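Enquirer: predicted structure and sequence below. I'll ask about it afterward.
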Amino acid sequence: MNRAFSFLLFAFAVAAYAVEPVGEWKAPSKDSRPWKHAGTGLAFPQQLGGYRLAGEFTYTTGGCFIRYENLAEQARADIFFFPVKTPVTVMEEKQRLILQELDGVVADMRGMAMQGRYKNLDISDVAVSGIDLWMKDDLPLAIRTINATRVGKSSEGVVEALIKQWVAVTFLENHILTIRQMRPASTGDSGLEGLKSFGSMVIQVIKDPALRADITRMIDLYMAAPFSEDSIQARGAVLAYLKNTPFYPISIPEYPVIDWLEHCKKLAPGTEEHLLAAFMLGSAKAAFNEGDAASCMNAGAKQFASIYRELAAKHPVIKTAEIEDFAVEASAGRGGDWLMARAGMKP
């Protein structure tokens, strides 16, 4: 490992503060469940795109942050949550607070530059935007990018590394949320795309609670009458939501399910759409109830088996011995284990 890269990993491992914070560090939960913030209701998955949740830091003075790391891209992202003591309802005041927080980030960087930890600061102007929420008022959003040279010491002497920071601040449920992502400037255009991609995923997490309430209603509508016209429209909305919200622990083993769907499509066109939707929405219902990957797969398999039974009664031609065997296990809540074993994977 070369000196610059080794130092860069060290630079990303320490908190970007002029004065190191006081508090307690906690590792992520071992059961792979999302990290939840009680004050805002946000839930962050342990895997967000190519980023892995490294843990949570709780400040002695109040507030906390969570850290994501992407070693392949040499990137780190911290998401801070600080409560505001007095309730804030006026948009102008929210905007003032987020701009004040953004100024604080800049002041912190300048303080570290005075300490000799950074140099060549290049700080962009503030970009003001918003986050649109489903059936709720938009959230204010302010963004800045910071280019700088990180300076440090190693066993081989002084080492410098060019870095790029993307900083965004918003206001949610009387909390100031700050997203700070850092990566090497040497990653160029791909690194810039990585910054934008991670920011988009975090914003999707922020938007999710407002949207999920309506999606939950649609799942319940589907479960009550899976073949009704209203249910078919609802399932389309849920599937579109799941496609754009990739952080729930929902997965379908390609083998042998894809073969089953192709078989059904060939002999009774349209049945494969019902079956795929059944697996996805059954899994989603479990995910919304805080289920882990295994419970989501079992729930999806159970709904698949239920819909398969109804379809097979109308279209006997789609029956196969393999799907029948699976349906028995899935109806008993063991469909996920059956699929994983069939795919040659550990349950």
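Expert: Happy to help now that I have it. Numbers count the residues shown, from 1 in each chain.

Enquirer: need the contact list for Tyr248.
Expert: Pro45, Leu242, Ser283, Ala284, Ala287, Cys296 (Cβ atoms under 8 Å, 6 or more residues apart in numbering). Where C-beta positions appear, they are placed from N, C-alpha and C, glycine not excepted.

Enquirer: which SS class is it?
Expert: coil (DSSP: H, G, I helix; E, B strand; the rest coil).

Enquirer: next, count neighbours for the residue nearest to Ala268 when sequence neighbours are not counted.
Expert: Closest residue to Ala268 in three dimensions, ignoring its sequence neighbours and counting by Cβ to Cβ, 6 or more residues apart in numbering: His315, at 4.0 Å. Neighbour count of His315, defined by other Cβ atoms under 10 Å: 15.

Enquirer: surely His315 touches Thr271?
Expert: Yes. With contact defined as Cβ atoms under 8 Å, His315 and Thr271 form a contacting pair (6.0 Å).

Enquirer: if we can go back for a sec, which of the contacts of Tyr248 are buried?
Expert: Pro45, Leu242, Ser283, Ala284, Ala287, Cys296 (16 or more other Cβ atoms under 10 Å).

Enquirer: how close does the closest residue to Pro249 other than its chain neighbours sit to Ala27?
Expert: Nearest non-adjacent residue to Pro249, counting by Cβ to Cβ, 6+ apart: Ala293, 3.9 Å away. Applying Cβ to Cβ, to the nearest Å, the value for Ala293 to Ala27 is 19 Å.

Enquirer: what does Met114 give?
Expert: Separation of Met114 from Ala27 (Cβ to Cβ): 34 Å.

Enquirer: likewise for Met109?
Expert: 28 Å.

Enquirer: what about these two, which has more around it?
Expert: Neighbours were counted for Met109 and for Ala27 using other Cβ under 10 Å; Met109 has more, 21 against 9.

Enquirer: confirm for me that the more buried one is in contact with Leu121.
Expert: Yes. In this structure, Met109 is within contact of Leu121 by Cβ under 8 Å, at 6.1 Å.

Enquirer: now do the shared contacts for those two.
Expert: If you check Met109 and Leu121 against Cβ under 8 Å, 6+ apart, the residues they both contact are Ile146, Ala148.

Enquirer: now do the buried residues in the helix or strand Ile163 falls within.
Expert: Using DSSP states H and E, Ile163 falls within strand 157-172. Judged by neighbour count (16+ other Cβ under 10 Å), strand 157-172 contains these buried residues: 159-161, 163-172.

Enquirer: roughly how far out does it sit from the chain middle?
Expert: 21 Å (Cα atoms, centre = their mean, to the nearest Å).

Enquirer: pull up the pairing partners for it, direction included.
Expert: strand 139-154 (antiparallel), strand 175-184 (antiparallel) (DSSP bridges).

Enquirer: tell me what the next helix or strand after the last one is packed against?
Expert: Going down the chain from strand 175-184, the next helix or strand is helix 188-224, by DSSP H and E. Helix 188-224 sits against strand 43-44, strand 47-48, strand 75-83, strand 127-131, strand 157-172, strand 175-184, helix 229-243, helix 271-288, with contacts defined as 3 or more Cβ pairs under 8 Å, 6 or more residues apart in numbering; DSSP states H and E.

Enquirer: where does the prediction get shaky in the stretch 151-300 of the chain?
Expert: Applying pLDDT under 70 to the stretch 151-300 of the chain picks out residues 246.

Enquirer: mind checking pLDDT for Phe5?
Expert: As predicted, Phe5 sits at a pLDDT of 42.

Enquirer: heads up, I number from 9, so please use that
Expert: New numbering, starting at 9: the last item is Phe13.

Enquirer: Provide the secondary structure category for Arg41.
Expert: coil.

Enquirer: residues contacting it?
Expert: By Cβ under 8 Å, 6+ apart, the contact list for Arg41 reads Gln54, Glu298, Asp300.

Enquirer: closest to Ala335 among these?
Expert: Asp300 (23.1 Å; Cβ to Cβ).
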